[in-house]
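> quick one, what's the 3D model for this:
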Amino acid sequence: MKISASIYSNKNDHLEKIIEDLENHHMDMFHVDCKDDLGVFADIDFITSKSDIPLDVHIITSTPEPFYEEIRKRSIHNLCFQHEDLPTKELPSDLNVGRLGVAITTNTEIEVFENYKDVCDYILIMATIPGESGGKFDKRNFKKIRDFQNKYPGKKIFVDGGVNGEVSFILRNMGVYSSVSGSYLFNSSSIGSALLNLKTREVESHFLVKDFMVKLDECPVILDKHINLQLVLETIEKGRMGFTMVVSDSGKLEGIISNADIRKALLDNIQQMDLLDIQKYINRNPKVIDEEFTVKEMISYVKQQSIPLMYLPIKDSQGNAKGIITFMNLIKGEL
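Model (predicted):
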C-alpha cells in the first residue's frame, strides 16, 4: 500500500524542509489538501520543482471551474475533488491528470460514484472529518471499502483520516491502494519510525476482528444439511474466495470446504464419481479465531501456525459463524 504524506499537517517546518525530509525517507506520495484556495498551485509548482515524488492533490470547492484551468496547465499524478461540494456532481474528462478521483465523507454512500465512474479512476474515502487533523478512524468505513471493491472492482481506493499503524495494517489487508498520513506521521518521534509502522510493524490494538471482517451475509456459506458437490462448487464460484463456510441450521460453524478439498475429493473418486460423498471432505476442524480478537492477537495467532493461512473463519463465543478474514490482499496491497 502506498503512503501519501499530508504535507500541511507539518505546522513547524518550511515546505522545502518538509519535502527534503520526506524525500530522504523515500515517501511514496505527497498529499496536498486544498480548501477553495487557488494559491495551492504555487505550492504545487514549488514541490514539483524540488521533487519527482508523485503528487496526490485533494480539492474541496464549490466553484471548480477556475481549478480546472489551473490543473490543465500542470502534470499531477493523482487528483480528486470532494463530491459533497461539487455543484453539478460531475467532473470533466479532459483534465489530463494521471488519475482522477472523487472524495466522499463517511456519511456519503458509495453509490454516488455512479456519477463519476466513467471518468474517475479512484475514490478517496474520508475516514474522519475533512480538514480535521488527528481525528479517529471511523470503523464504518471498513464496510464502505468492501462494498466499493465489490461494486467497482476495477477502481482503486484511497483512504484519508485516522490512519495509524494498526489501521494501516487493516487497510493493507483489505487491498486499499493508498492511505494518507498526516498528524501520525509528523507527530511521531521520527518520520522513519512512523513510516515503518504504517508499512510493516505491529502496533497497539484498538480495533477488534469484528470491526473489519467480512460479515457472514457477505461470505460464501452453505448449510450442512444441504451439502452436495454441485451446490458446493456453485457456492465457491459465486463467493470468489476459494472456499465456502459450512454452518448448521442454528448458525454454528461446522467447518469449511475449499478448492483444495474439492480437488482431493475428485482425485480420490476419479474412477467412480458416483461414490463421491462430499461430506467426507469437509474440514471439520479449521483454524478459526474469535470475533473479539484484537488485530495484535490475530497476527500472533497466524504467526503461531505451521502453515501459511490465506483466510480465517470467525466465530463468536458460542461457536456461531460470524464472518471471515482473508489475507489475499496483503500482497496486492503492496503493489
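> any stretches of the stretch 151-300 of the chain with poor pLDDT?
200-204 (pLDDT under 70).
> mind listing the strands for it?
156-160, 178-181, 214-215, 221-223, 243-247, 253-258, 289-290 (DSSP state E, counting those that start in this stretch).
> distance of the spatially most central residue of the chain relative to Met1?
Geometric centre of the chain, nearest residue: Val176, 3.0 Å, by C-alpha atoms, centre = their mean. Separation of Val176 from Met1 (C-beta to C-beta, to the nearest Å) stands at 6 Å. C-beta coordinates here come from the backbone N, C-alpha and C atoms, glycine included.
> same check on Lys117?
Remark: distance between Lys117 and Met1 (C-beta to C-beta) = 23 Å.
> can you pull out the helices in the chain?
15-24, 40-50, 65-72, 140-151, 165-174, 183-186, 191-199, 209-212, 229-239, 259-268, 295-304, 329-332 (DSSP state H).
> possible to save those helices as TSV with mean neighbour count and distance to His58?
Below are the helices of the chain laid out as TSV (neighbours: other C-beta atoms under 10 Å; distance: least, C-beta to C-beta, whole Å):
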stretch	mean neighbour count	distance to His58
helix 15-24	16	17
helix 40-50	15	10
helix 65-72	14	12
helix 140-151	17	16
helix 165-174	23	17
helix 183-186	22	16
helix 191-199	19	19
helix 209-212	19	24
helix 229-239	15	35
helix 259-268	14	41
helix 295-304	15	27
helix 329-332	14	24
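> dump these into a markdown table; add distance to Asn283 as well.
Below are these laid out as a markdown table (distance: least, C-beta to C-beta, whole Å):
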| stretch | distance to Asn283 |
| --- | --- |
| helix 15-24 | 47 |
| helix 40-50 | 53 |
| helix 65-72 | 54 |
| helix 140-151 | 25 |
| helix 165-174 | 22 |
| helix 183-186 | 40 |
| helix 191-199 | 33 |
| helix 209-212 | 20 |
| helix 229-239 | 12 |
| helix 259-268 | 6 |
| helix 295-304 | 17 |
| helix 329-332 | 22 |
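> so for Leu100, which of those helices sits nearest?
helix 65-72 (9.5 Å; C-beta to C-beta).
> the closest one packs against which elements?
Under the contact criterion of 3 or more C-beta pairs under 8 Å, 6 or more residues apart in numbering; DSSP states H and E, helix 65-72 touches no helix or strand at all.
> repeat the analysis, applying 10 Å as the threshold.
helix 40-50, strand 55-60, strand 78-82 (3 or more C-beta pairs under 10 Å, 6 or more residues apart in numbering; DSSP states H and E).
> between those, which gets nearest to Leu196?
strand 55-60 (20.4 Å).
> direction included, what does that closest one pair against?
strand 29-35 (parallel), strand 78-82 (parallel) (DSSP bridges).
> give me the mean pLDDT for it.
When pLDDT is averaged along strand 55-60, the result is 96.
> thank you kindly, that will do.
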